[in-house]
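**Q** Provided below for reference: sequence and predicted model.
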Amino acid sequence: MSKLSYRPEIDGMRAISVLAVVLFHAGFGFSGGYVGVDVFFVISGFLITGLVLKEVRADRFRFVEFWERRIRRIFPACAVMVAVTLLAAIFLLLPCDTESLAKSAMAQMLLSANFYFLGQTGYFDGAAELKPLLHTWSLAVEEQFYLVFPWLLIFWRRLSPSQLFWRLLLVAVASFALSVWGTVAFPEWTFYMLPTRAWEMMIGGLLAVTVPTVTIPRRVNEGLSWLGLAGIFLAMLWYDHSTRFPGANSFLPCFAAGLLIFTNSTNLTSAGRLLSWPLLVWIGKLSYSLYLWHWPVLAFLRCRSGLDLPADVRLGAVVASFLLAWISWKFVETPLRSPVVMSRGWVYSLSTSCTLFLVAACGILMGTDGFLKWSPADVADVLENGEMSKRFQNEEIAAIGPALSPGESGHFLLWGDSHARAVSELVHELAIKHRVPGYVASRSATAPLLGTWRFSEDREGMEWNQDVFDFVKEKKIKEVILVGRWSAYVSNPRTALVDEETESPDEKSGLMVFHKALQKTVDELEDLGADVWLMQDVPEHPEDIRRMLAQRFMFDLEDEPRRVSLEEHRARQATTAGFLREEEGENVRVLDPAPLCFDQSGRARIWDDRLPFYSDSHHLSRYGARQLLAPFFDPIITEFATDIQFTKNGEAPSGTSIKVTAEPPVFETR
């Protein structure tokens, strides 16, 4: 097997990268620590391209040997981690979490974890911090790259180093351009997919393709080396969750990593010697196993104890991750890399057998819903009956209530994000009860406001809202109920709303966009002759209510999830509630469900000692929507029925308004 000269500073780079990732995930600073993955990509591209290129130029490259090396390096430690994680899940996680884990594990074993998690980034999937194998998306991207990239080097093997460099540079630039554009146009796809990540590995590959022909003065080389190290740390400390990524912002850490590799290619600079410090080199050797183990450890703790882990628990998780990483490196990684321990035939046979075994195990867990049938009855009830309504499809305008006669149009529209979908089944049942035909239009993470979209999403949300508005106009709908998780669109720059004039929001601009879009939407609906109902949001909680209550039964825990107070709820909703109330008028009514969502002590109602009212931390479950909001929506639909009856009789509707109190709402005559 071909080998490159060992470079200790690269292990040092691995060390600072994995430490940044671990500390970021554990909540110990490094707000941009996630860029450590990008640095890993650059390092991998440099090392693997160097090995492949050397063999290709000598006409000795064989895929069977190349993948033997990749399997020895990647597969054993990953397979052990996946197997242990699946086994631990059976005893430590809820059935729903175990089933989800099995799906992600199967995807990882088939080198498609990035595709799986791309499909799991929607509004309904729960916190990413609770997915024990989420971090394997990067392994899938890297292995997909090495399924493709060697073919390029083989195809262009007759080219001179200079010609090969420029062709690969063109491919890398195209990938980078796609990443920059995609981060705005389709951000989730851009984050997870190979075409928009390939350029990061190709930066390292480009360094391996050509040998520097220009002599750089020593002092300049020293300065450039420190500049590279500073660039990596700048990204790790400066970036945060709100940074648009990867795209243009990923260029800084990747270029900086490439600069460090380049400036230390002949002799170690002082920065390179710093990175060659034995402790950093040792951590660098553990980096792969440490990356594999740290995330499942944190995810299991968060699944059991909630997202907000105390500092001492997070520190313990980091220590445990190091211990598991050392065991993995010492007894799995290192021995199995040697051909003496295992021949090529055994490598392929054993890896195939282990893959089939783990895929079969995942299939069993998926087929049994994570062993749900063997769980306590109370747990099954919570998980099955505590789900959010799935009756009406996302991103689809659906008829609700009684069936429409030919040529008949619905009287009302329930329009909003997933919070509208959460109450759609209840509204449908009430509409049938009172014989009021209507529609529901819901799209996850999309405020029902014209001319806007979320900063972290693409513009499809704006187009969707315009289509819904056009539907209201076409059908001459009389009543429009807007429902949304309003505070989410102003509380975080990454989830804030933007419009054509505001591409990069901060807190102030996000509020302005929300306010302006709300006014625009209400005004244009009124211009169509529609009455507008603005529903304030239901209480939001710091924990996943359904999961925490299921764990309470599963593991005989005494504490129930913390219930927010009415004061906390009012404070969270204060800004958006104020904007909603500003729109109140003759044809616009603001509805507040809070009085029905809190008990006499001022604490949120989250369950009835049997089933949860929430499917997660902020979506009402199907059961909870009925228990909490049936008295809220019933008089509204009743008023719609009254309006329809008056209209059929050729009379003007008598004005009514709805008053929501702690008791069921009542009508008051204006």
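**A** Arrived safely, thanks for sending.
**Q** Is Gly624 part of a helix or strand, or is it coil?
**A** Look at Gly624: counting by DSSP: H, G, I helix; E, B strand; the rest coil, its state is helix.
**Q** Just give the closest residue to it, not the sequence neighbours.
**A** Nearest residue to Gly624, sequence neighbours excluded (CB to CB, 6 or more residues apart in numbering): Phe613, at 2.9 Å. Glycine gets a C-beta too; all of them are placed from N, C-alpha and C.
**Q** Which elements pack onto the one helix or strand Glu524 maps to?
**A** Here Glu524 sits within helix 507-527, counting by DSSP states H and E. For helix 507-527, the packing partners by 3 or more CB pairs under 8 Å, 6 or more residues apart in numbering; DSSP states H and E come out as helix 460-475, strand 497-498, strand 531-535, helix 566-582.
**Q** quick one: which of those is nearest Gly386?
**A** With CB to CB, the closest approach to Gly386 among the helices and strands packed on helix 507-527 belongs to helix 566-582: 20.7 Å.
**Q** which helices and strands sit right next to that closest one?
**A** Using 3+ CB pairs under 8 Å, 6+ apart: helix 566-582 touches helix 507-527, helix 594-597.
**Q** weakest of those in terms of mean pLDDT?
**A** Per-stretch mean pLDDT for the helices and strands packed on helix 566-582 is lowest at helix 507-527 (a mean of 88).
**Q** What residues sit buried inside that helix?
**A** The neighbour-count check on helix 507-527 (16 or more other CB atoms under 10 Å) flags 509-518, 521-522, 524-526 as buried.
**Q** For it, C-alpha coordinates in PDB please.
**A** C-alpha atoms of helix 507-527 as PDB (Å, rounded to 0.1, in the frame of the first residue of the first chain):
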ATOM      1  CA  GLU A 507     -33.800  41.000  15.500                       C
ATOM      2  CA  LYS A 508     -34.900  44.500  14.500                       C
ATOM      3  CA  SER A 509     -35.300  43.900  10.800                       C
ATOM      4  CA  GLY A 510     -37.100  40.600  11.500                       C
ATOM      5  CA  LEU A 511     -39.700  42.400  13.600                       C
ATOM      6  CA  MET A 512     -40.200  45.000  10.900                       C
ATOM      7  CA  VAL A 513     -40.700  42.400   8.200                       C
ATOM      8  CA  PHE A 514     -43.200  40.500  10.300                       C
ATOM      9  CA  HIS A 515     -45.100  43.600  11.200                       C
ATOM     10  CA  LYS A 516     -45.200  44.900   7.600                       C
ATOM     11  CA  ALA A 517     -46.200  41.400   6.200                       C
ATOM     12  CA  LEU A 518     -49.000  41.100   8.800                       C
ATOM     13  CA  GLN A 519     -50.400  44.500   7.800                       C
ATOM     14  CA  LYS A 520     -50.200  43.600   4.100                       C
ATOM     15  CA  THR A 521     -51.800  40.200   4.500                       C
ATOM     16  CA  VAL A 522     -54.700  41.500   6.600                       C
ATOM     17  CA  ASP A 523     -55.300  44.600   4.300                       C
ATOM     18  CA  GLU A 524     -55.300  42.500   1.100                       C
ATOM     19  CA  LEU A 525     -57.700  39.900   2.600                       C
ATOM     20  CA  GLU A 526     -60.000  42.700   3.700                       C
ATOM     21  CA  ASP A 527     -59.900  44.200   0.200                       C
END
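**Q** how much does it deviate in direction from helix 566-582?
**A** Comparing the axes of helix 507-527 and helix 566-582 via axes from the mean of the first three to the mean of the last three CA atoms, to 10 degrees yields an angle of 50 degrees.
**Q** what separates helix 507-527 from the chain centre, distance-wise?
**A** Counting by CA atoms, centre = their mean, to the nearest Å, helix 507-527 is centred 27 Å from the centre of its parent chain.
**Q** What are the contacting residues of that helix?
**A** Residues outside helix 507-527 that contact it (CB atoms under 8 Å, 6 or more residues apart in numbering): 447-452, 455, 469, 472, 480, 482, 486, 489-490, 493, 496-499, 502, 505, 532, 534, 575-576, 579-580, 583, 587-588.
**Q** so how many other residues sit close to Ala311?
**A** Ala311 has 10 neighbours, counted by other CB atoms under 10 Å.
**Q** so who does Ile283 touch?
**A** Applying CB under 8 Å, 6+ apart, the residues near Ile283 are 14-15, 18-19, 290.
**Q** Whichever of those residues end up buried, select them in ChimeraX.
**A** What follows is the ChimeraX syntax selecting those of the contacts of Ile283 that are buried according to 16+ other CB under 10 Å:
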select :14,15,18,19,290
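**Q** Sort out for me which of the contacts of Ile283 are in helices.
**A** Counted as lying in helices by DSSP state H, out of the contacts of Ile283, are 14-15, 18-19, 290.
**Q** Now distance to Phe63 and pLDDT too, for these, in JSON lines please.
**A** As requested, those are exported to JSON lines (distance: CB to CB, whole Å; pLDDT from 0 to 100):
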{"residue": "Arg14", "distance to Phe63": "26", "pLDDT": "97"}
{"residue": "Ala15", "distance to Phe63": "31", "pLDDT": "97"}
{"residue": "Val18", "distance to Phe63": "29", "pLDDT": "97"}
{"residue": "Leu19", "distance to Phe63": "34", "pLDDT": "97"}
{"residue": "Leu290", "distance to Phe63": "30", "pLDDT": "97"}
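**Q** so, if you compare these, which one comes nearest to Glu200?
**A** Of all the ones in helices among the contacts of Ile283, the one with the least separation from Glu200 (CB to CB) is Arg14, at 15.1 Å.
**Q** Give the full set of residues in contact with the closest one.
**A** Taking CB under 8 Å, 6+ apart as the test, what Arg14 contacts is 40, 43, 283-284, 287.
**Q** Quick one: those as JSON lines, columns for pLDDT too.
**A** Below are the contacts of Arg14 laid out as JSON lines (pLDDT from 0 to 100):
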{"residue": "Phe40", "pLDDT": "97"}
{"residue": "Ile43", "pLDDT": "97"}
{"residue": "Ile283", "pLDDT": "97"}
{"residue": "Gly284", "pLDDT": "96"}
{"residue": "Ser287", "pLDDT": "96"}
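**Q** Tell me how the chain divides into domains.
**A** As given by automatic domain parsing, the domain ranges for the chain are 8-374, 383-669.
**Q** Okay, now the unreliable bits of the stretch 201-350 of the chain?
**A** 211-214 (pLDDT under 70).
**Q** List the buried residues of the host helix or strand of Gly36.
**A** Assigned by DSSP H and E, Gly36 falls within helix 36-57. For helix 36-57, the neighbour count (16+ other CB under 10 Å) marks 36-53, 55-56 as buried.
**Q** and it, what other elements does it pack with?
**A** Applying 3+ CB pairs under 8 Å, 6+ apart, we find helix 36-57 packed against helix 8-26, helix 63-92, helix 137-155, helix 198-209, helix 251-263.
**Q** Using PDB, list the CA coordinates for it.
**A** Presented in PDB, the C-alpha positions along helix 36-57 are these (Å, rounded to 0.1, in the frame of the first residue of the first chain):
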ATOM      1  CA  GLY A  36     -14.600  21.500  12.300                       C
ATOM      2  CA  VAL A  37     -16.400  19.100  10.000                       C
ATOM      3  CA  ASP A  38     -15.400  21.300   7.000                       C
ATOM      4  CA  VAL A  39     -11.800  21.200   8.100                       C
ATOM      5  CA  PHE A  40     -12.000  17.400   8.300                       C
ATOM      6  CA  PHE A  41     -13.300  17.400   4.700                       C
ATOM      7  CA  VAL A  42     -10.300  19.500   3.500                       C
ATOM      8  CA  ILE A  43      -7.800  17.200   5.400                       C
ATOM      9  CA  SER A  44      -9.500  14.100   4.000                       C
ATOM     10  CA  GLY A  45      -9.400  15.400   0.500                       C
ATOM     11  CA  PHE A  46      -5.600  16.200   0.800                       C
ATOM     12  CA  LEU A  47      -4.600  12.800   2.200                       C
ATOM     13  CA  ILE A  48      -6.800  10.500   0.100                       C
ATOM     14  CA  THR A  49      -6.200  12.300  -3.100                       C
ATOM     15  CA  GLY A  50      -2.400  12.100  -2.500                       C
ATOM     16  CA  LEU A  51      -2.700   8.300  -2.000                       C
ATOM     17  CA  VAL A  52      -4.900   7.800  -5.100                       C
ATOM     18  CA  LEU A  53      -3.000  10.100  -7.300                       C
ATOM     19  CA  LYS A  54       0.300   8.400  -6.500                       C
ATOM     20  CA  GLU A  55      -1.000   5.000  -7.500                       C
ATOM     21  CA  VAL A  56      -2.900   6.300 -10.600                       C
ATOM     22  CA  ARG A  57       0.300   7.900 -11.900                       C
END
